[in-house]
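Colleague: prediction below, plus the sequence it came from.
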Amino acid sequence: MEIFVVPDAAATGTVAAGLIAAVIRSKPDAVLGVATGGSPLPVYAALSSHGLEMSRVRAYALDEYVGLPTGHPESYGEVVRREVTERLGLDPVNVRVPAGSAADPHQAAADYDAAIRDAGGIDLQLLGIGHNGHIAFNEPGSALDSRTRVETLAARTREANARYFDSPADVPTRCITQGLGTIMEARHLLLVASGRDKAEILAAALNGPVTADCPASVLQRHPHVTVVADQAAAARLEPGNNPVQVRVVDASVGV
């Protein structure tokens with residue numbers, strides 16, 4: 001595991017985007033796993049400035065709410081359309097999001113897991129981390145080998161996401177999420193984190209025991225993980241507890 005510590009959230013975007021850009025330059029039809037939420041937004045903004053030809057890039061979103069109608073502005077399908085597909089110039093045909101509005105979301109989840117496998121798997125998966133240690137919508141207690149499935153959202157997760165909706169009651173209670181086992185099959189995992197409110201959980205995920213109580217801790221078992229965290233989020237990391245390499249970098253000169 002390699003950890004880059006940068007000054008601020010904008011710098012997490014700069015450094016992470018540089019890593020993604022290198023993958024795309026080496027493989028123009030790369031399969032990317034894309035995440036929503038606040039942490040990845042600086043990454044997409046920075047990646048758009050690289051001027052890459054990305055029409056052949058394929059992308060699979062981590063998750064989607066169950067029950068929101070297609071086109072709902074806070075559905076992850078719409079967020080991915082705005083922030084990833086249009087911003088980066090991807091071909092919409094090559095961008096997939098779980099079908100949260102499907103009549104049978106459980107079948108939609110199984111179909112999505114199969115689609116990732118049929119695409120050859122994810123080359124690089126971008127991740128954020130929730131305050132309770134969730135990655136994608138794998139809440140505490142999720143099996144470490146879980147597959148893409150319908151999941152019930154924890155109260156804390158719904159509270160954190162309420163800022164995107166008119167009312168907390170409007171936040172869906174269920175989602176389709178890639179499972180931890182699905183995520184771990186990606187060839188490279190790239191986790192971004194910013195803000196002092198993420199410091200405790202990031203330390204637990206990277207330096208604590210591997211446990212379903214902190215789903216992100218499963219990253220310790222992956223052979224190719226890169227973490228890009230700002231100084232606030234990295235404040236409680238203890239790299240001596242794990243065989244990780246920590247580098248403090250100046251985002252203006254890259255990694």
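Modeller: Noted; the coordinates are in hand.
Colleague: what about A21, neighbour count?
Modeller: A count of nearby residues for A21, using other C-beta atoms under 10 Å, gives 18. The C-beta positions use only the backbone N, C-alpha and C, and glycine is treated the same way.
Colleague: for F4, which non-adjacent residue is closest in space?
Modeller: Of all residues not flanking F4 in the chain, V228 sits nearest, at 4.8 Å (C-beta to C-beta, 6 or more residues apart in numbering).
Colleague: ok, the one you found - how many residues close by?
Modeller: Using other C-beta under 10 Å, V228 has 30 neighbouring residues.
Colleague: ramachandran coordinates for it?
Modeller: Backbone torsions for V228, taken as degrees, to the nearest 10, come to phi -120, psi 110.
Colleague: next up, the contacts around it.
Modeller: 3-4, 6, 12, 15-16, 19, 190-193 (C-beta atoms under 8 Å, 6 or more residues apart in numbering).
Colleague: what is the nearest of those residues to R163?
Modeller: Closest approach to R163 among these (C-beta to C-beta): A193, at 18.2 Å.
Colleague: now do the lengthiest helix in the chain: which elements does it pack against?
Modeller: Secondary structure of the chain per DSSP state H: the longest helix is helix 9-26. Judged by 3 or more C-beta pairs under 8 Å, 6 or more residues apart in numbering; DSSP states H and E, the packing partners of helix 9-26 are strand 2-6, helix 41-48, strand 124-127, strand 188-193, strand 225-230.
Colleague: need these in TSV (columns: mean pLDDT and distance to R236).
Modeller: Converted to TSV, those look like this (pLDDT from 0 to 100; distance: least, C-beta to C-beta, whole Å):
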stretch	mean pLDDT	distance to R236
strand 2-6	95	12
helix 41-48	97	22
strand 124-127	98	19
strand 188-193	98	11
strand 225-230	97	10
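Colleague: which parts of the chain are helices?
Modeller: 9-26, 41-48, 76-80, 87-88, 105-118, 155-161, 180-184, 199-207.
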